[in-house]
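Engineer: Based on what follows, work out the 3D shape:
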Amino acid sequence: EPTPGLLYINICSWKSVPAPLDDSSSLPVCAGKLETGTTEAQGWFVVLDVALNPAVLQKNKDKDINYVYKLALNFAQQHHGMQLSQEFSVVKCSPKGSPDQFKCRLGFQKQHYTFKPTQTVSQTPHSLLQQLSSQQSGKQEENPTAQIICRPAERPTKNLIQIISATSVEPQKPEYQLEVKTNTEGVPRSLELTVELPKVRTVSECQLRVSKEDVLLEVEDVYHLLLELPETVNEDTASAVFNKKKQRLVLTVDVL
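Structural biologist: Numbers count the residues shown, from 1 in each chain. Below you'll find the predicted structure:
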């Protein structure tokens, strides 16, 4: 039997999520881990984080932000198998909604998804739910991808919500130092990030992703560091060295 409760969807912008090529293209979405909890006043609840490219939110901010809300609801229902009411309200805050918790859940998500709108934003939520469903597609280089396609939606026969234990240990933010290397004229040329990882034995435990705007370092259940860079960098020039003796990771990358 499905468990009744409240669903909170945190929607944010993240530069690491690519923008769609055009209005007819799939909409890239980065989703965090589901997290559950209980309160005396409201009972059982689920928190889901959804990140979109900043341009997507800015484009729909004024003219039709409800379009974004409907996509988030459809993602929750179709990908996680939730049976949702079509009524929703916008709130200023949600449980487990601190910035650190928010970034942690998104940062540890290993899957990236795409939505492909099949009709106009004038559709009702009910008609959208009838026309959108999800399926797993083939794996790409590192991350599997799920694609929303047009077909009749099947009603889930059981509760497919993934429950994340509220007692699980959250990863720590490691100590780090970020240095901007300049030339003789004081122009930034490269960035050097040094991260202390005393609980890491081998580099294989680390997952490192570099974009033009930020760096994400993960050691599952141990460390999590999402750092916005002070300069735009060329991610293709990034290189990292892990010193086993000092248990220290040093990342260098050129500035554009």
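Engineer: what about stretch 14-26, average pLDDT?
Structural biologist: What stretch 14-26 shows for mean pLDDT is 76.
Engineer: For the stretch 1-150 of the chain, give me the ranges with low pLDDT.
Structural biologist: 1-2, 62-63, 107-150 (pLDDT under 70).
Engineer: give me that answer again for 50
Structural biologist: For the stretch 1-150 of the chain, the stretches with pLDDT under 50 are 108-112, 116-150.
Engineer: which stretches of it form strands?
Structural biologist: 6-13, 27-31, 35-39, 43-52, 112-115, 132-136, 145-150 (DSSP state E, counting those that start in this stretch).
Engineer: What is the first one packed up against?
Structural biologist: Contacting strand 6-13 under the criterion 3 or more C-beta pairs under 8 Å, 6 or more residues apart in numbering; DSSP states H and E are the following elements: strand 43-52, helix 54-61, helix 65-80. Every residue, glycine included, has its C-beta placed from N, CA and C.
Engineer: let's see 7 Å
Structural biologist: Counting contacts by 3 or more C-beta pairs under 7 Å, 6 or more residues apart in numbering; DSSP states H and E, strand 6-13 packs against strand 43-52, helix 65-80.
Engineer: quick one, the longest one and strand 43-52 angle?
Structural biologist: Looking back up the chat, that one is helix 65-80. Helix 65-80 runs at 110 degrees relative to strand 43-52, counting by axes from the mean of the first three to the mean of the last three C-alpha atoms, to 10 degrees.
Engineer: Can you show me the CA trace of helix 65-80 as PDB?
Structural biologist: C-alpha atoms of helix 65-80 as PDB (Å, rounded to 0.1, in the frame of the first residue of the first chain):
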ATOM      1  CA  ILE A  65       6.600  29.300 -13.600                       C
ATOM      2  CA  ASN A  66       3.700  26.800 -13.300                       C
ATOM      3  CA  TYR A  67       5.200  25.000 -16.300                       C
ATOM      4  CA  VAL A  68       8.400  24.300 -14.200                       C
ATOM      5  CA  TYR A  69       6.200  23.100 -11.200                       C
ATOM      6  CA  LYS A  70       4.300  20.700 -13.500                       C
ATOM      7  CA  LEU A  71       7.500  19.200 -14.900                       C
ATOM      8  CA  ALA A  72       8.900  18.700 -11.300                       C
ATOM      9  CA  LEU A  73       5.600  16.900 -10.300                       C
ATOM     10  CA  ASN A  74       5.700  14.700 -13.400                       C
ATOM     11  CA  PHE A  75       9.300  13.800 -12.700                       C
ATOM     12  CA  ALA A  76       8.500  12.800  -9.100                       C
ATOM     13  CA  GLN A  77       5.500  10.700 -10.300                       C
ATOM     14  CA  GLN A  78       7.000   9.100 -13.400                       C
ATOM     15  CA  HIS A  79      10.600   8.400 -12.200                       C
ATOM     16  CA  HIS A  80       9.900   7.500  -8.600                       C
END
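Engineer: ok, and for that helix, which residues are buried?
Structural biologist: 67-80 (16 or more other C-beta atoms under 10 Å).
Engineer: The first one too?
Structural biologist: Buried residues in strand 43-52, counted by 16+ other C-beta under 10 Å: 45-52.
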